[in-house]
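In: Here you go, sequence then predicted model.
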Amino acid sequence: MADTTWQFRNVEFQSEGATLRGRLYTPRQFSQPLAAVVMAHGFSATITMTIDHYAEAICSEGFAVLLYDHRNFGISDGEPRQHINPWGQARGYRDALSYLESLNEIDSTRLATWGDSGSGAQAIVVGSIDERVKSVVTQVPAFGRTTPPTDLDGARFRRIKETLLHGDISSSVRTDGPMPVVSFDYRRHPSAFEPLTAYRWFIEYGGRLGTNWVNDVTRVQPNTPEPWNAVICAPYVKVPLLMIVSPEDEMVGSSPKLARIAFEAVQGPKEWMDIGGGHFGLLYYPSELFEQASSAQCSFLKRYLSEG
């Protein structure tokens, strides 16, 4: 029997001169403005690649969910296509928050960010800078490959904050790609992701009808005063945080060690959850790992984002 507790409508909003598109999930019945969660997928993936089921689970607990495709991906506009700029994607989160603030059915005092993998790091950066964010949920976050330099006086964080809010992110000091996201033979046909687990998940879920996923990506590192780094921002997260990490995460950019460093630095209430299955295990639906992760997220949001 179909779930009748939630519904969604197609929505769009502006971000950095492009139209971002997605879905606004709401309970079918509600009598007062709703707390809301902003959700975007990780590296190159789109809204119907399992993340929509997380949105459904969260909405079923009485929350609104704004789920959208990042700029340059899926059903959202933006050129060049399949280009990842983490600063631009983080600004997309902020513009999604602004869009929610404009809606009468949303309680703008109870907003959260949610992210998976690369967008998990973005959810933390935005949560450290944007005071509208009241809680953060991140799963298998991609904090990078190396421990960042120290920031004892906060100067690095201030430069990151200034860049996100006002900086020029249009020029690039490094560009990787275009290249396939995944390849069946990484050694002879290099791709952005090497593990076979990545190939299996992206080809299975991205290859489904209507996902608008393209097996192509370009990563850019803008020329900014301080490089993008979510770990540097972690000490400035003062709101409740749930971090779900796989101890055997096989993606080199999603180091559990860096996740722990970031988690320990967070100043607000925080919850850590270990989950099996590697980087992609909780992105299979239906599955036991999905149920574990989504249940933990719903419980966390009910504790910290619901009305007292």
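Out: Perfect, I can see it now.
In: list the buried ones in the helix or strand of the chain with the lowest mean pLDDT?
Out: None of the helices or strands of the chain scores lower by mean pLDDT, DSSP states H and E than strand 172-179, at a mean of 94. Under the neighbour-count criterion of 16 or more other C-beta atoms under 10 Å, strand 172-179 has 177, 179 buried. Heads up, the C-betas are built off the backbone N, CA and C, glycines and all.
In: which helices and strands sit right next to it?
Out: Where contact means 3 or more C-beta pairs under 8 Å, 6 or more residues apart in numbering; DSSP states H and E, strand 172-179 is packed against strand 217-222.
In: Distance from the chain centre to the strand it packs on, please.
Out: Centroid separation for strand 217-222 versus its chain: 17 Å, with C-alpha atoms, centre = their mean, to the nearest Å.
In: do stretch 156-176 as well
Out: Going by C-alpha atoms, centre = their mean, where stretch 156-176 is centred and where its chain is centred differ by 18 Å.
In: which other residues reach it?
Out: Stretch 156-176 is contacted from outside by 85, 87-88, 90-91, 94, 125-126, 128-129, 148-149, 151, 192, 218-226, 228-229, 232-233, 235-236, using C-beta atoms under 8 Å, 6 or more residues apart in numbering.
In: So among those residues, which ones count as buried?
Out: 85, 87-88, 90-91, 94, 125-126, 128-129, 148, 151, 192, 218-220, 222, 224, 226, 228-229, 232-233, 235-236.
In: Isn't residue 107 up against residue 30?
Out: No - under the criterion of C-beta atoms under 8 Å, residue 107 makes no contact with residue 30, lying 10.6 Å away.
In: Pick out whichever of those two has more residues nearby.
Out: Between residue 107 and residue 30, residue 107 has the larger neighbour count (other C-beta atoms under 10 Å), namely 17 against 12.
In: Spatially, what comes nearest to the more buried one if we skip its sequence neighbours?
Out: Nearest in space to residue 107, with sequence neighbours left out and distances taken as C-beta to C-beta, 6 or more residues apart in numbering, is residue 33 at 3.9 Å.
In: got the angle between the least confident helix or strand of the chain and strand 217-222?
Out: 180 degrees (axes from the mean of the first three to the mean of the last three C-alpha atoms, to 10 degrees).
In: Distance of residue 92 relative to residue 271?
Out: From residue 92 across to residue 271, the span is 26 Å (C-beta to C-beta, to the nearest Å).
In: Quick one: residues contacting residue 212.
Out: The contact partners of residue 212, taken as C-beta under 8 Å, 6+ apart, are 46, 69, 73, 74, 75.
In: Neighbour-wise, give me the winner out of those.
Out: Most surrounded of these: other C-beta under 10 Å gives residue 73, at 27 neighbours.
In: Just the buried ones among the contacts of stretch 156-176: which are in strands?
Out: Residues of the buried ones among the contacts of stretch 156-176 located in strands (DSSP state E): 218, 219, 220, 222.
In: pretty sure residue 11 contacts residue 21?
Out: Yes - between residue 11 and residue 21 a contact is recorded at 7.3 Å, counting by C-beta under 8 Å.
In: so what sits against both of the two?
Out: Residues touching both residue 11 and residue 21 (C-beta under 8 Å, 6+ apart): residue 68.
In: Give me the pLDDT value at the residue nearest to residue 107.
Out: For residue 33, the pLDDT comes out at 98.
In: Run a quick neighbour tally on it.
Out: Residue 33 has 15 nearby residues by other C-beta under 10 Å.
In: pretty sure it is touching residue 111, no?
Out: No - the criterion here is C-beta under 8 Å, and residue 33 misses it with residue 111 at 11.3 Å.
In: Looking at residue 92 and residue 271, which is more packed in?
Out: Legend: neighbour count by other C-beta under 10 Å for residue 92 and residue 271, higher for residue 92 (27 against 16).
In: I'd like to know how far the closest residue in space to the more buried one that isn't next to it in sequence sits from residue 44.
Out: Excluding its sequence neighbours, the residue lying closest to residue 92 (C-beta to C-beta, 6+ apart) is residue 15, at 4.7 Å. Applying C-beta to C-beta, the value for residue 15 to residue 44 is 18 Å.
In: again with residue 118
Out: Distance check for residue 118 against residue 44: by C-beta to C-beta, it reads 9 Å.
In: list residues touching both of those two?
Out: residue 84.
In: Helices along this protein, start to end?
Out: 51-59, 86-101, 118-129, 155-166, 196-201, 230-233, 256-265, 288-304 (DSSP state H).
In: so which of the ones you listed is the most packed in?
Out: When the helices of the chain are scored by mean count of other C-beta atoms under 10 Å, the highest mean neighbour count falls to helix 118-129 (a mean of 28).
In: which secondary structure elements does that one contact?
Out: If you count contacts as 3+ C-beta pairs under 8 Å, 6+ apart, helix 118-129 packs onto helix 86-101, strand 106-116, strand 133-139, helix 155-166, helix 230-233.
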